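1. sequence-free structure coming up:
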């Protein structure tokens, strides 16, 4: 928990604490269907009011309400998170299961107005990058992000599931659905992540990591391609890394472009690949062979061409 909070604080997030009690209508505001199991609340016997009559099954309403309150007081550049327990229903059990969850919200600009620095609106990649660094800090490997349309409070075209080892679902990241923003009277776009922290503890690895500095220089090659607009750049990166070539040390996406001269329905993407050997300096001839193999493998799987 301490490490996760350190990463989020480094990214400018503030921790908030919201009530564990909530109202039945809170899940209406985030658009959960009547069949969603999170609607099976644990009811409090003597609630203070209807607004505090149920144990919460999601952190999202609390974060959205916090954002609405702050926005009403003109505090519009927000990065907030909460790491607390949810109280989820169990079949044929009177008492709920207590599950620890980590959720965060970002909205507004990445920095306050300043004469020396220009600010920009926060976007999906800000919050995704934060989650990636969080998982990396906890040494959780084999992470992938898969597009999803199943989360009612997230934009169907801008949401992903976080998978580990191609199967275990850790949580979701995405842009808040415009209808949900309207219900909470939030003026601009907002972005959420929601992670099962008990699963994080299961997959996290302890201990220190150390990699010796390379003795020989690396060789870099760029690979610029034109692909269909719907192709996920992460899938292509998986293919490159899946070649298991011993000299591919790093693959990094550094450009995505649409517009002239890229044809309509296509996009240009560019990767930078670092080739490095531990026992010698690779020659241009060797690297060219490996680079051609990368392009050949991508061509077998995706409809693409080299970007001129």
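-> That came through, no problem. Predicted model only: the values in this text are computed from it and were never measured.
2. Quick one: low-confidence residue ranges for the stretch 201-308 of the chain.
-> 207-208 (pLDDT under 70).
3. Now do the strands in it.
-> In the stretch 201-308 of the chain, the strands defined using DSSP state E, counting those that start in this stretch lie at 219-228, 248-257, 266-275, 304-306.
4. The residue most central in space within the chain: what secondary structure?
-> With distances taken as C-alpha atoms, centre = their mean, residue 128 lies nearest the centre of the chain, 3.3 Å away. Recorded secondary structure, residue 128: helix (DSSP: H, G, I helix; E, B strand; the rest coil).
5. residues contacting it?
-> Residues in contact with residue 128 (C-beta atoms under 8 Å, 6 or more residues apart in numbering) are 145, 160, 173. C-betas here are computed from N, CA, C, even on glycine.
6. out of the residues you listed, which is most surrounded?
-> Counting neighbours by other C-beta atoms under 10 Å, residue 173 comes out on top of these with 26 neighbours.
7. any idea which helix or strand carries that one?
-> Using DSSP states H and E, residue 173 sits within strand 168-176.
8. so how far is residue 194 from the residue nearest to the centre of the chain?
-> From residue 128 across to residue 194, the span is 13 Å (C-beta to C-beta, to the nearest Å).
9. which residues are in contact with both of those two?
-> Joint contacts of residue 128 and residue 194 (C-beta under 8 Å, 6+ apart) are residue 173.
10. what's the closest non-adjacent residue to residue 187?
-> Leaving aside its sequence neighbours, residue 187 sits nearest to residue 71 (C-beta to C-beta, 6 or more residues apart in numbering; 6.8 Å).
11. same deal with residue 257?
-> residue 268 (4.2 Å).
12. and that neighbour, what are its bridge partners?
-> Assessed by DSSP bridges, residue 268 has beta-bridge partners residue 226, residue 257.
13. Repeat that for residue 172.
-> Bridge pairing for residue 172 - DSSP bridges - gives residue 161, residue 194.
14. Which residues outside the strand holding residue 173 are in contact with it?
-> For strand 168-176, contacts defined as C-beta under 8 Å, 6+ apart pick out 64, 102, 105, 124, 127-128, 131, 135, 143, 145, 148, 151, 153-155, 158-164, 186, 189-196, 199-200, 203.
15. Can you show me the helices along the stretch 101-250 of the chain?
-> 124-137, 178-183, 197-203, 233-242 (DSSP state H, counting those that start in this stretch).
16. which of the contacts of strand 168-176 are buried?
-> 64, 102, 105, 124, 127-128, 131, 135, 143, 145, 151, 153-155, 158-164, 186, 189-196, 199-200, 203 (16 or more other C-beta atoms under 10 Å).
17. still on that earlier bit, for the strand or helix carrying the residue nearest to residue 187, enumerate the helices and strands it packs against.
-> Using DSSP H and E, residue 71 sits within helix 60-72. Contacts defined by 3 or more C-beta pairs under 8 Å, 6 or more residues apart in numbering; DSSP states H and E place helix 60-72 against helix 26-29, strand 78-88, strand 97-107, strand 190-196.
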